[in-house]
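Novice: could you work out the structure for the sequence below:
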Amino acid sequence: MADGITYGLAFPFRQSQKGDYVNLTETSGDEIRSNLIHLLLTRRGYRYYLPDFGTRLYEFIFEPLDGQTFDTIKSEIEEAVNKYIPNLTIENITIEAYVDSEPSLGELSSEQFDIPIYRVPGANTEEYTAKVKIEYTDDNNPFGSKEFVIINL
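Specialist: Sure thing, here's the model as predicted:
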């Protein structure tokens with residue numbers, strides 16, 4: 001990376017520690033990751049002038065974790081990526097039920113990025129939580145290294 005070269009805005013938006021207003025991506029890999037997360041977490045129909053931009057992942061939050069739901073989530077992700085990030089090749093999408101390693105008692109924690117996370121106690125919500133892992137490669141990267149993103153629904 002050359003000094004002072006940036007590619008775009010990092011997503012999710014955070015205040016910069018370097019004097020910029022918001023964090024900026026400094027490598028093409030960071031830019032691709034930010035674009036992918038931005039695409040996946042934007043609700044379809046929320047962007048002016050691009051009503052097809054985004055996904056319907058938020059609609060699957062309380063759906064049952066079965067094969068039909070998993071197939072619909074996979075096709076939703078693949079369709080959005082093929083349309084809006086054509087230089088990204090999805091290698092694999094893995095969807096599984098999210099299982100927390102420790103039973104939670106309803107604590108408030110800030111484990112990563114100083115974002116408060118509230119975990120609701122009770123086993124009745126576990127069947128409605130999915131972990132989506134998307135493995136991808138950047139077609140513009142000459143080394144073809146694999147990267148991944150994990151989203152919890």
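Novice: residue 58 against residue 43, yeah?
Specialist: Yes: using CB atoms under 8 Å, residue 58 makes contact with residue 43 at a distance of 5.7 Å. All C-beta atoms are positioned from the backbone trio N, CA, C, and that covers glycine.
Novice: what's the nearest residue to residue 145 if we skip its chain neighbours?
Specialist: In space, and not counting its chain neighbours, residue 145 is closest to residue 137: 7.1 Å by CB to CB, 6 or more residues apart in numbering.
Novice: what residues are up against the one you found?
Specialist: Neighbour list for residue 137: 88-89, 91, 144-147 [criterion: CB atoms under 8 Å, 6 or more residues apart in numbering].
Novice: mark which of the residues you listed are part of strands, please.
Specialist: 88-89, 91, 146-147 (DSSP state E).
Novice: of these, closest to residue 26?
Specialist: The closest of those to residue 26 turns out to be residue 147 (CB to CB; 15.5 Å).
Novice: which one is that closest one nearest to, not counting chain neighbours?
Specialist: residue 136 (5.9 Å).
Novice: three-state assignment of the one you found?
Specialist: Under DSSP: H, G, I helix; E, B strand; the rest coil, the three-state class of residue 136 is strand.
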